[in-house]
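Colleague: Sharing a model prediction with you, sequence too.
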Amino acid sequence: MVSMYEKTLTLTSASQRCEQLFIERLARLRTLGNYHGEVVVLDYGIDNRWNCSIKEVIKKNGGFYHRMGDVGYKDESGRVWFCGRKSHRVETSDGTFFTVPCEAVFNVHPKVYRTALVGAKGKPVLCVELEKNIPADKEQIREELLALGSSFPHTSGIKTILFHPGFPVDIRHNAKIFREKLAAWARSELS
């Protein structure tokens, strides 16, 4: 199974005109040795009939640039890598943590069903949902996950791991985690 982090997206020729704007946005955040920024798409079905706020649409050079609400970066080969939703990134005094690349590191553990990175009390907190019906020593898994995270520069700052019995999700999309609810739960667990 290919993880979301491994999937790439290449800019199409129709969106080449927004490349300069995209690069300017990428320059705002920097981690992992790459520039991270908000993903914008040119002429993605947007015209004057759309009821979008100015925060969502930028009109420039005769085209419309739709702010997708996603964060990513462009690698040396010109591929755009998705790093998660802009509103889900965790900003701390030690830097910014992006959900998709961070969670991908921990999701490889054989006893982990899924993870969700949230911010709580000014620090990144990894919430972990374990595989069902598999005996698990949570303290051992916590140590293994911390060791796994410490081996990558973008996850080495994650020191808090909480186990959740079942993430709150949108019933229409079992994969869409309600991170705001999970963050509130994490804050209460850390109190």
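Modeller: Thanks, I have the structure now.

Colleague: these two touch, right, residue 81 and residue 72?
Modeller: Yes - using C-beta atoms under 8 Å, residue 81 makes contact with residue 72 at a distance of 5.4 Å. Every C-beta, even on glycine, is put in place using the N, C-alpha and C of the backbone.

Colleague: more neighbours, these two?
Modeller: For residue 81 versus residue 72, neighbours defined as other C-beta atoms under 10 Å are more numerous around residue 72 (26 against 20).

Colleague: That one bridge partners, please.
Modeller: residue 37, residue 82 (DSSP bridges).

Colleague: Hmm, residue 85 and it touching each other?
Modeller: No - using C-beta under 8 Å, residue 72 is not in contact with residue 85, being 10.7 Å away.

Colleague: Overlap of the contact sets of these two?
Modeller: Counting by C-beta atoms under 8 Å, 6 or more residues apart in numbering, residue 72 and residue 85 have no common neighbour.

Colleague: Now do the strands in this structure.
Modeller: Taking DSSP state E as the test, the strands found in the chain are 9-10, 29-31, 34-42, 57-60, 63-74, 79-85, 90-92, 95-97, 112-120, 123-130, 160-163, 169-170, 173-177.

Colleague: Give me the neighbour count for the spatially closest residue to residue 111 that is not a sequence neighbour.
Modeller: Computed as C-beta to C-beta, 6 or more residues apart in numbering, the closest residue to residue 111 that is not its neighbour in sequence is residue 136, at 5.1 Å. For residue 136, the tally of surrounding residues (other C-beta under 10 Å) stands at 12.

Colleague: Make sure residue 136 is actually in contact with residue 129.
Modeller: No - counting by C-beta under 8 Å, residue 136 stays clear of residue 129, with 11.3 Å between them.
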